[in-house]
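Participant: please find the sequence and the predicted model below.
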Amino acid sequence: MKIIVFGATGGTGRATVEKLLADGHQVTALVRDPSKLPSDNALTVVKGDALSAEDVARVLPGHDVCVISLGNSRSTQGRKRTINPHICEYGTRNILAAADPGLRLIAVTAFGIGDTRDKKSFLFSIAAALFMRAILADKEKQEAAIKAAPNDFVLVQPVGLTNGPATGDYLASTDRKARKMTVSRADVADFIAKEIASPEHHRQTVALSG
């Protein structure tokens, strides 16, 4: 398949690109800094920005699946954001504006918003209020935009992300359940790859936990 990944240089995006390449897909990545991705004959790296409607419209056509893993890995735990605080919403709106209605979307958002908003633990709610309010608000608007679009989609809501190895032992729940409060980025990538290979969830939210 031909798959495009937005947010490919972030932790989850990069893990997803690596998994998709390993599975034999043709992958395109729109990134601001192409040097952050490895060289691979099956990987087309395009310099650009998801916040540019022109860049997105130029690169999006011709793909079977679009993976959206936008965000800022340096924006958690109270550290200063280094890119637009509305990257998830605005970037996704650019993607939706350029997308054919038949393009399937798989978006990595966050546990504790949208369909799982009432499933946050007390400690998570405190941490979210202190350090992640703007991030989660951005992802809430991102999810709302996707749900309003005609495209088939899966909203992947991982709990706390780690850099651990792929285990294959994770819970993908459409019932808003979480087993553990961490999951590795490699396991998120594994779920995305499996969903691309054999679609099981259509216009659904999937909570992903270890």
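Facilitator: Nice, thanks for sending it over.

Participant: in this structure A42 contacts D23, no?
Facilitator: No: at 10.0 Å, A42 and D23 do not qualify as touching, with contact defined as Cβ atoms under 8 Å. For every residue, glycine as well, the C-beta is placed using N, CA and C.

Participant: the more surrounded of the two?
Facilitator: D23 (15 against 12; other Cβ atoms under 10 Å).

Participant: wait, what's in contact with that one?
Facilitator: With contacts defined as Cβ atoms under 8 Å, 6 or more residues apart in numbering, the neighbours of D23 are A193, A197.

Participant: again with L51
Facilitator: L51 neighbours (Cβ under 8 Å, 6+ apart): N84, I87, Y90, G91, N94.

Participant: pull out the buried members of these.
Facilitator: I87, Y90, G91, N94 (16 or more other Cβ atoms under 10 Å).

Participant: which one of those residues is nearest to V159?
Facilitator: The closest of these to V159 turns out to be I87 (Cβ to Cβ; 21.0 Å).

Participant: and the pLDDT for the nearest residue to the closest one once chain neighbours are set aside?
Facilitator: Counting by Cβ to Cβ, 6 or more residues apart in numbering, L70 is the residue found nearest to I87 once chain neighbours are left out, at 5.3 Å. As predicted, L70 sits at a pLDDT of 97.

Participant: could you point out which element follows the lowest-mean-pLDDT helix or strand in the chain?
Facilitator: Lowest on mean pLDDT, DSSP states H and E among the helices and strands of the chain sits helix 122-127, with a mean of 58. Downstream of helix 122-127, the first helix or strand assigned by DSSP states H and E is helix 133-148.

Participant: which parts of that following helix are buried?
Facilitator: Buried, per 16+ other Cβ under 10 Å, within helix 133-148: I135, L136, D138, K139, E140, K141, Q142, E143, A145, I146.

Participant: can you list contacts of it?
Facilitator: Residues contacting helix 133-148 (Cβ under 8 Å, 6+ apart): 68, 70-72, 75-76, 81, 85-89, 92-93, 96, 105, 107, 109-110, 112-114, 128, 153, 155, 203, 205.
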